[in-house]
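1. Pasted the sequence and its predicted model underneath.
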Amino acid sequence: MPSSSTTEHFVTLFDSNYLPMGVCLHQSLMQCMASFHLWIVCMDELAEAQLRELDLPHVSLLPLRDVETSELLAVKSGRSRGEYCWTLTPFTPQFVFARDSSVNRVTYLDADLFFFDSPDILLQELERSRKDVLITPHAYAPEYDHSSTAGIYCVQFVTFARNGGGLKVLQWWQERCLEWCFARLEDGKCGDQMYLDDWPSRFASEVHVLQQVEKALGPWNVRHFLKMKPDLQPVFYHFHSLRIVTANTLHLCTNYRLGKGRGYYDRYVGAMLETFRLLGQHGMPIPVLAPAKQKADIFRTFKRWLFQHAIYQKLSSPE
């Protein structure tokens, strides 16, 4: 495995609607890592064109047309855009391995992650385990435990070594997502995510489960962990369900109480404003993406939650 002094490789995927989130992710890596390379699978041609113009440092683009295989194309028409993104996720590390033979490991990142500290902290734990794959638990707060409908583990930060063990797990995941990857709960499956539930037993010799769960925060656990450790410094925060409603309004989250976790959103809002200014300098519009409607079959249990609310934040108009 590479040492922490070598270039660390990450891969993500998004379309033009998620360009601001992707740029914020890159911005956070620039602030937290001494040496990294981010590979971006461009899910539409507009995102590709915009990213080429932005010319972000330490970034390589993977246009969708260049990486789609016949197997992926065979299932594409039967899946929604979101479902196809999930189907692609286990293939993204392979796309990187195929492009650069010097890459010894790669970590898939959701585009709506933002780093507050170096991911080396998590990757060094993987190295100490002497295993090949790293997965992160949702680590739900008790009142938000949706393990049975969204999975025990979160496809947000998943690391694969380019070796026999890492590639074995990666290939198994790819095959399952080709067979079935839909936005519904069915026979213990949901999207690409619930396939990870049995990895610690199915791949006991290859898969390491992150132990520093307080370093991987999201709206489903931030209030819980901050009650125990108010000065907690996470490695990353997952800004799940954050949406740009208008050019000066963000929908921060729905169905979660953030408590003091709101402070992480303040930092992200600042990064988003910087991104809006950057896009404006290049004459690029700010994409508006309304909060997704919740599908009854996946989110039925939300009706029983004690706290159901949406949080919005007004932004100063970008200059």
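-> It's in.

2. got any ranges where the stretch 201-319 of the chain has weak pLDDT?
-> Along the stretch 201-319 of the chain, the parts satisfying pLDDT under 70 run over 290-319.

3. which residues in the protein form strands?
-> According to DSSP state E, the chain carries its strands in the segments 8-14, 36-42, 59-63, 105-109, 113-115, 133-137, 153-161, 207-209, 216-217, 236-238, 243-246, 249-254, 310-314.

4. pLDDT on the fourth one, on average?
-> By that I understand strand 105-109. Along strand 105-109, the predicted confidence averages to a pLDDT of 98.

5. if I pick residue 132, what's in contact with it?
-> 160, 161, 163, 164, 165, 166, 169, 206, 207 (Cβ atoms under 8 Å, 6 or more residues apart in numbering). Quick note: C-beta positions are derived from backbone N, CA and C, even for glycine.

6. From those residues, keep the buried residues only.
-> Judged by neighbour count, with 16 or more other Cβ atoms under 10 Å as the criterion, the buried members of these are 160, 161, 165, 166, 169, 206, 207.

7. circling back to that earlier point, redo the contacts of residue 132 as JSON lines? Include distance to residue 138.
-> As requested, the contacts of residue 132 are exported to JSON lines (distance: Cβ to Cβ, whole Å):
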{"residue": "160", "distance to residue 138": "20"}
{"residue": "161", "distance to residue 138": "23"}
{"residue": "163", "distance to residue 138": "27"}
{"residue": "164", "distance to residue 138": "29"}
{"residue": "165", "distance to residue 138": "24"}
{"residue": "166", "distance to residue 138": "22"}
{"residue": "169", "distance to residue 138": "19"}
{"residue": "206", "distance to residue 138": "21"}
{"residue": "207", "distance to residue 138": "16"}
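
8. Looking at the residues you listed, which is nearest residue 285?
-> Comparing the contacts of residue 132 against residue 285 with Cβ to Cβ places residue 160 closest, at 35.5 Å.

9. Now do that closest one, the pLDDT please.
-> Residue-level confidence at residue 160 comes out at 98, pLDDT.

10. Specify the beta-bridge partners of it.
-> With DSSP bridges applied, residue 160 shows beta-bridge pairing to residue 106, residue 133.

11. surely it meets residue 171?
-> No: applying Cβ atoms under 8 Å, one finds residue 160 not in contact with residue 171, separated by 10.3 Å.

12. Distance to residue 179 added to the strands of the chain, as TSV?
-> Shown next, in TSV, are the strands of the chain (distance: least, Cβ to Cβ, whole Å):
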stretch	distance to residue 179
strand 8-14	20
strand 36-42	21
strand 59-63	24
strand 105-109	20
strand 113-115	27
strand 133-137	20
strand 153-161	17
strand 207-209	20
strand 216-217	28
strand 236-238	27
strand 243-246	31
strand 249-254	31
strand 310-314	36
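
13. Which of the ones you listed sits closest to residue 282?
-> By Cβ to Cβ (comparing all of these), the closest turns out to be strand 59-63, at 15.2 Å.

14. Outside of the closest one itself, list whatever touches it.
-> 11, 26, 37-42, 45, 48, 51-52, 95-96, 99.

15. Could you rerun that using 7 Å?
-> When contacts are taken as Cβ atoms under 7 Å, 6 or more residues apart in numbering, the neighbours of strand 59-63 outside the stretch itself are 26, 37, 38, 39, 40, 41, 42, 48, 51, 52, 95.

16. Quick check: ChimeraX command selecting the buried ones in these.
-> Selection command for ChimeraX covering only the buried members of the contacts of strand 59-63, criterion 16+ other Cβ under 10 Å:
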select :26,37,38,39,40,41,42,48,51,95
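
17. Let me know the closest of the contacts of strand 59-63 to residue 78.
-> Distance to residue 78 across the contacts of strand 59-63 (Cβ to Cβ) is lowest for residue 41, with 20.0 Å.

18. Next up, the contacts around that closest one.
-> When contacts are counted by Cβ under 7 Å, 6+ apart, residue 41 touches 11, 13, 62, 64, 67, 88, 92, 95.

19. Please work out how many residues are found near the fourth one.
-> The burial count assigned to residue 64 is 19, neighbours taken as other Cβ atoms under 10 Å.

20. so it touches residue 43, yeah?
-> Yes: checked against Cβ atoms under 7 Å, the pair residue 64 and residue 43 is within contact range at 5.8 Å.

21. Just give me the longest helix of the protein.
-> Here the longest helix in the chain is taken by residue count, with DSSP state H as the criterion, and it is helix 262-281.

22. Now it - C-alpha only, PDB.
-> Coordinates of the C-alpha atoms in helix 262-281 are reproduced here as PDB (Å, rounded to 0.1, in the frame of the first residue of the first chain):
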ATOM      1  CA  ARG A 262     -25.200  23.800  12.200                       C
ATOM      2  CA  GLY A 263     -21.700  25.200  12.500                       C
ATOM      3  CA  TYR A 264     -20.400  22.800   9.900                       C
ATOM      4  CA  TYR A 265     -23.000  24.100   7.500                       C
ATOM      5  CA  ASP A 266     -21.800  27.600   8.100                       C
ATOM      6  CA  ARG A 267     -18.400  26.600   6.900                       C
ATOM      7  CA  TYR A 268     -19.900  24.800   3.900                       C
ATOM      8  CA  VAL A 269     -22.100  27.800   3.000                       C
ATOM      9  CA  GLY A 270     -18.900  29.900   2.900                       C
ATOM     10  CA  ALA A 271     -17.300  27.400   0.500                       C
ATOM     11  CA  MET A 272     -20.500  27.500  -1.600                       C
ATOM     12  CA  LEU A 273     -20.300  31.300  -1.800                       C
ATOM     13  CA  GLU A 274     -16.700  31.100  -3.000                       C
ATOM     14  CA  THR A 275     -17.800  28.500  -5.600                       C
ATOM     15  CA  PHE A 276     -20.700  30.700  -6.800                       C
ATOM     16  CA  ARG A 277     -18.200  33.600  -7.300                       C
ATOM     17  CA  LEU A 278     -15.900  31.300  -9.300                       C
ATOM     18  CA  LEU A 279     -18.700  30.100 -11.500                       C
ATOM     19  CA  GLY A 280     -19.800  33.700 -12.000                       C
ATOM     20  CA  GLN A 281     -16.300  34.700 -13.100                       C
END
